[in-house]
Every structure is written in C-alpha cells, then in structure tokens.
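Q: Give me a 3D structure for the following:
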Amino acid sequence: MDRWSKPSILLGNPSAGYLASRFRIGPSLFLTTCSALVTLLIMPTTNPLRVLIAASEGVPYSKTGGLADVIGALPQALASNGVQVGVVLPRYKSTRLENSKQLVSSLTVALGDGLRFPSILQGPTTDSVRWFFVDYPPFFDRDSLYVGPSGTDYTDNPERFALFSRTVLEIAKTIFPPHLIHCHDWQAGLVPVMLRTAYASDPALQAVPIIFTVHNLGYQGLFPYDALSRAGLPLDMFRVDRLEFYGKINFLKGALVYSDAITTVSRKYAQEIQTPEYGFGLDGVLRDRAEKIHGILNGVDYSQWDPAVDPHIAAHYDASNLDGKTACKQDLLRQFGLPDDTSIPLIGIVSRFTRQKGFDLIAEVAERLMAENVRLVALGNGEAQYEKLFTTLAARFPERVGVRVAYDDVLAHKIEAGADMFLMPSRYEPCGLNQIYSLRYGTVPVVRATGGLDDTIEDYDASTGVGTGFQFSAFSGIALLETVLRALSVYDNPDEWRHLMRAGMKEDFSWDASAREYAALYRQMAGDRVVPELQSMEPKHVSEKQPAKRAARPSTAVKKSAGPKPASEKKKPPADKKKK
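A: A predicted model of the protein is given here:
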C-alpha cells in the first residue's frame with residue numbers, strides 16, 4: 001500500500017469530518033496531519049525535524065508588534081512537540097544579548113553594486129531553540145527597527161532586508177541545515193525569492209521546502225523599481241508573474257509566488273485574503289495558490305495572560321471563583337478617575353487607534369452609545385483623528401469615558417481584568433490576541449466577525465445559552481450599536497452573564513495546539529528528506545560591553561550596470577492588473 005493512501009482511508013470514514021471539527025482544523029489540514037502521522041510511523045528516523053525560522057523581530061530581543069510575540073512563543077512550543085528550531089533575527093541597536101558567541105566574524109554577501117560583510121552571532125540556546133543574529137551595524141544599529149525619526153520608512157529597507165535574507169540562506173547552508181525554512185512577513189519575503197533564483201542550483205539548498213506566513217497582508221514591502229538592483233535581484237524579477245506590482249517591487253508578493261506553502265494566522269483570514277475586499281491587490285495571486293494556503297491560528301501565552309496569576313491586577317480570580325473581578329473593576333475605575341460604581345457595565349478597548357480597527361464605527365454611533373447606561377475606557381495611540389475621537393468623548397462625558405493615549409502594558413492587563421466587555425469592531429483582523437485574552441479574563445468580547453475574531457469568538461445564543469461573546473457581520477455603526485445593546489441586555493441578568501463569562505474562561509487557545517498544526521505541516525512537507533547533523537562548534541565569545549554606536553564595516557564596491565528598464569515598468573493595461 002502506498003504510504004500516502006492511509007490518510008485517504010481515514011478521510012473516507014464518515015467520522016473524519018467530525019474529527020476535523022472537534023480538533024478545530026479544516027479538512028485540508030486534517031489530511032496534512034494524517035499524512036504527517038503516517039509518515040512518522042513508516043519512515044526511518046534519522047534526526048529530529050529541524051526548522052529554521054526567519055523574521056525581523058522576536059521577543060525578548062526586539063519588538064514593534066504582534067509578530068514579535070509569535071516569534072517569541074512559537075519556537076518554544078515547537079520544541080515541546082519534538083521540533084529542533086533555529087531562529088534568525090537582525091541584531092538591532094536595542095537587542096540585548098547575554099553570553100553571545102560569534103559564529104562567523106565576516107560573511108561575504110553580494111548586495112547591489114558591492115559586497116557587504118555581516119557577522120553572525122548566536123544567542124542563548126534554550127529548549128532545543130537556537131537564536132542567531134545577523135550583526136551588521138550600518139544597517140541595523142539604529143534607534144528604530146523600520147522607520148526614521150520623521151516616522152517614514154528607512155529608504156534603504158530593501159538593502160537591509162535583502163542582506164538579512166541572503167544571510168538566512170547562508171546560515172541554512174553552513175550553520176543550521178534545516179529540513180525546511182519558515183519565513184514571516186515581507187521583511188523575510190526575499191528568502192523564498194532568493195532560494196528559488198540565486199540559490200536555485202546550490203546543492204545544499206535545492207531540495208529545501210519553504211513556508212511563508214502572512215501576518216497582515218496590509219504590509220507588503222513596496223519599493224520603487226530601482227530596489228531590484230539595490231537588493232541584488234536580477235532585473236527579470238520585474239514581471240507581473242514575479243515581483244512587479246503596479247510599477248513597483250513587492251517583497252511580499254515575491255514570497256507568495258516562490259514559497260512552497262503559505263500560512264496565515266487564522267482560518268477565516270486565509271479565506272478573506274483571497275477576495276478583493278481583503279486582498280490588498282494580491283487576491284488574484286492568492287487565488288492562484290489557494291491549494292497551498294493554510295490557516296493556523298496564533299496561540300497566546302497564558303503564563304502572561306491569566307487572571308489567576310497576573311501580577312499586574314488588583315485581585316486574582318478564575319472561573320470557579322469570580323469574586324476578584326469586582327476588585328479589578330474598582331481598581332480600573334480609579335485608574336481612569338471614574339466614579340466608583342461597579343454596577344454600571346464597563347466596556348474596555350486596548351488597541352492601535354487606526355482605521356483598520358474600526359474606530360470610525362464608534363465615531364458613527366458615539367452619541368447614541370453614550371445615551372445608554374454604560375461606561376467606556378480606551379488605551380492606545382495612533383492616527384490623530386481617532387486619538388481626538390476618544391479625548392473629545394472623555395472631555396464631553398468625564399464621568400462616563402476614560403482615555404489614555406499611550407501604550408501601557410500594565411494598564412492593558414488592568415483593562416482586561418476590570419472591564420465587563422471588550423470591544424473590537426475591526427475592519428479586518430488577521431488573528432487578534434486581545435479577544436483571546438478577554439475570554440480568559442471573563443471580559444466578554446464584542447467583535448466584528450472577521451478573521452481571527454470570527455475563528456475565536458462564538459456568538460452567544462440566548463435561547464440555548466451557548467456562546468462566548470457577541471458578533472456582528474456588517475461593517476456599520478448600526479450593526480455595532482445593536483450588538484452592544486444585545487450584550488447589555490444579557491448583562492442585566494447576572495446569572496446569565498456569569499454563565500457567559502465562565503464559558504469564555506474555559507476556552508483554550510494556548511500555543512501548544514497551534515504548534516501541533518505547524519509541526520504536522522512541516523512533517524508533511526519535509527517528507528523523508530535527510531539533513532546533515534548539526535556540527536559542534538567552539539565559537540568565539542563576543543563581549544557585550546560595546547559602545548552604543550559601532551563603526552560601520554568597510555564595503556568593497558563592485559559596480560554593476562543597472563541596465564535599461566524593461567517595458568513592464570510602464571503603465572500596464574487593465575488586463576494585466578487583473579492578474580495581480
């Protein structure tokens with residue numbers, strides 16, 4: 001019997017769909033999981049499955065957003081599932097390393113019209129996870145990861161992350177040979193491009209599968225045409241079926257085209273990005289690769305977000321004893337200077353204040369919402385118009401609305417613990433984490449049914465008592481208001497509300513479940529590929545007592561002709577645009 005026929009037998013069983021639904025995975029991922037399990041049973045074991053992860057940020061070393069949280073947590077969860085993991089990050093000015101070791105003092109990387117010489121450091125190794133850092137001060141020793149003091153992107157971002165991508169592939173060749181490579185977001189988008197072009201004939205990397213994860217399709221790495229030569233890419237990449245995107249270069253598009261599999265951070269988002277509404281111009285590319293797309297929900301770290309152990313909140317509580325939540329609500333009201341009356345329902349918001357998050361819907365119905373017996377606290381910063389929206393509401397309704405225009409992690413924990421409801425009316429939401437935190441804190445989510453919000457929150461049915469929160473589908477202020485009013489009506493029945501709270505608190509979205517799905521996909525893609533054993537190294541220790549500003553390494557320039565711009569740079573007819 002063919003080794004791949006056993007999963008087909010499983011799927012042919014009438015109970016297969018039931019099993020898939022019970023494990024919260026779609027049929028295609030169910031097949032992948034079955035295939036991987038059978039492969040593990042029949043293939044000879046040589047060495048542990050080894051994965052090299054490439055990303056531009058990861059806690060505890062660097063962070064600007066949710067990507068860093070994923071990169072900080074996923075490798076540890078994978079290691080717990082028997083996967084040997086290497087992670088490659090840039091070494092930024094803010095990166096703090098202890099006991100770092102220099103593995104390569106000078107790696108020669110061709111870039112644009114010259115050569116660059118990054119070094120490679122290794123950080124602490126824990127739980128079968130190795131951390132590698134691309135150290136090149138001229139590119140990464142800066143105050144911010146991606147943007148300059150004016151708030152605009154660094155103009156040399158194409159060169160910065162092209163160098164990073166090439167170094168990732170060199171690490172895969174000589175330091176950490178993996179069964180496969182897993183890249184995240186546009187900053188690592190050139191890894192699959194280079195693997196299948198510049199490194200296509202390299203015997204060390206030819207057979208390496210590559211996975212690319214889209215965390216937010218709205219951020220694509222768009223650059224002018226000359227970024228091709230600056231990044232050291234051949235000019236024939238400027239084609240509509242490669243990196244060209246309406247006259248620009250699109251790093252993320254290149255990753256979608258050249259990767260062997262694509263994942264997103266929720267199942268619903270994997271479907272949404274294949275539509276014009278959510279595809280940001282790349283829906284055609286994604287539809288062409290639909291059979292390669294998998295939605296795997298992000299997990300959360302309950303060691304950091306659990307009211308039973310949270311050190312930042314006024315009192316601890318859990319699903320069996322909710323008494324501490326009242327003390328947390330009193331503490332939150334004091335934090336925002338609101339009257340100490342815990343009987344009035346309190347809605348919390350922790351978010352970036354951007355259009356994506358749906359705050360124009362709140363602006364649309366703010367007056368009517370304030371007519372209800374409800375309070376609102378909001379924490380975040382972002383676009384000026386939405387910051388003004390909340391500060392104006394706080395000024396007009398000082399006993400009803402509190403706002404903090406800032407990022408404050410401690411206050412974020414207090415809002416999760418002290419609010420009765422948590423509002424997320426997002427226009428789109430690839431995964432979302434706060435709604436998952438809210439479930440564990442018994443703070444009932446009120447969300448728009450999009451992306452990960454739809455995957456994680458079950459709309460409450462008052463007739464059956466089943467559900468974990470409240471959803472609305474239409475992107476309109478009226479739909480938002482009606483859903484808040486529906487939540488308030490349930491809040492008026494204390495027994496029913498506590499039942500709803502406890503249902504959410506029992507949900508489990510830990511990283512372990514997500515890691516199992518990733519590991520199943522990895523094993524299915526790796527098949528029976530054998531990789532070299534990791535070599536023991538005696539690297540040179542590098543002292544961390546370095547000045548804040550490090551001198552740039554010299555670069556040897558090797559001038560190259562940019563060549564004429566191809567005709568594809570010119571404006572294309574509408575027929576070409578439909579292919580995007």
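Q: Now for the residue nearest to residue 185 when sequence neighbours are not counted, how many residues are close by?
A: Take residue 185 and drop its neighbours on the chain: the residue closest to it by CB to CB, 6 or more residues apart in numbering is residue 215, 5.3 Å away. C-beta here means a position set from N, CA and C on the backbone, and glycine is covered the same way. Neighbours of residue 215 under the rule other CB atoms under 10 Å: 21.
Q: Report the buried residues of the helix ranked longest in the chain.
A: For the chain, the helix with the greatest residue count under DSSP state H is helix 157-174. Under the neighbour-count criterion of 16 or more other CB atoms under 10 Å, helix 157-174 has 157-172 buried.
Q: Now do the next helix-or-strand element following it against helix 157-174, angle only.
A: Moving toward the C-terminus from helix 157-174, the next helix or strand (DSSP states H and E) is strand 180-184. Inter-element angle recorded for strand 180-184 and helix 157-174: 160 degrees (by axes from the mean of the first three to the mean of the last three CA atoms, to 10 degrees).
Q: C-terminal to strand 180-184, which secondary structure element comes first?
A: In N-to-C order, the element after strand 180-184 by DSSP H and E is helix 190-196.
Q: how about low-confidence regions in the protein?
A: Flagging of the chain using pLDDT under 70 yields the residue ranges 1-46, 127, 535-580.
Q: tell me the domain ranges of it?
A: Domain ranges of the chain: 1-43, 44-299+512-530+548-569, 324-509, per automatic domain parsing.
Q: Of those, give the one that comes closest to residue 306.
A: domain 324-509 (5.8 Å; CB to CB).
Q: before we move on, the earlier item: the domains of the chain: which one's closest to residue 305?
A: For residue 305, the closest of those is domain 324-509, at 4.6 Å, according to CB to CB.
Q: Centre of the chain to the closest one, how far?
A: Distance of domain 324-509 from the chain centroid (CA atoms, centre = their mean, to the nearest Å) equals 22 Å.
Q: Endpoints of it, how far apart?
A: Counting by CA to CA, to the nearest Å, the length from the leading to the trailing residue of domain 324-509 is 23 Å.
Q: Name whatever forms a beta bridge with the nearest residue to residue 445 once chain neighbours are set aside.
A: Of all residues not flanking residue 445 in the chain, residue 469 sits nearest, at 3.8 Å (CB to CB, 6+ apart). Residue 469 has these beta-bridge partners by DSSP bridges: residue 459.
Q: Please enumerate the strands of the stretch 251-400 of the chain.
A: For the stretch 251-400 of the chain, applying DSSP state E, counting those that start in this stretch gives strands covering 261-264, 293-295, 346-350, 375-380.
Q: Out of the ones you listed, which is closest to residue 152?
A: With CB to CB as the criterion, residue 152 lies closest to strand 375-380 of the strands of the stretch 251-400 of the chain, at 21.6 Å.
Q: For that closest one, report the contacting residues that lie outside it.
A: 332-333, 336, 338, 344-353, 369, 390, 393, 400-408, 411-412, 415, 419 (CB atoms under 8 Å, 6 or more residues apart in numbering).
Q: Tell me the buried residues within the residues you listed.
A: Among the contacts of strand 375-380, those scoring as buried are 332-333, 336, 338, 344-351, 353, 369, 390, 393, 400-405, 411-412, 415, 419 (criterion: 16+ other CB under 10 Å).
Q: would you list the strands of the stretch 251-400 of the chain in TSV and tack on distance to residue 187?
A: Below are those laid out as TSV (distance: least, CB to CB, whole Å):
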stretch	distance to residue 187
strand 261-264	16
strand 293-295	20
strand 346-350	25
strand 375-380	24
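Q: Any idea which of these gets closest to residue 47?
A: Nearest to residue 47, of those and by CB to CB, is strand 261-264 at 21.9 Å.
Q: partners of that closest one in the sheet?
A: As defined by DSSP bridges, the strand partners of strand 261-264 come to strand 210-214 (parallel), strand 293-295 (parallel).
Q: Of the ones you listed, flag the one that's most buried.
A: Across those, averaging neighbours per residue (mean count of other CB atoms under 10 Å) puts strand 210-214 on top, at a mean of 25.
Q: Report the distance from that one to the chain centre.
A: For strand 210-214 - counting by CA atoms, centre = their mean - the centre lies 11 Å from the chain centre.
Q: between the domains of the chain, which one is nearest to residue 312?
A: Closest among the domains of the chain, once you apply CB to CB, is domain 324-509, at 3.9 Å.
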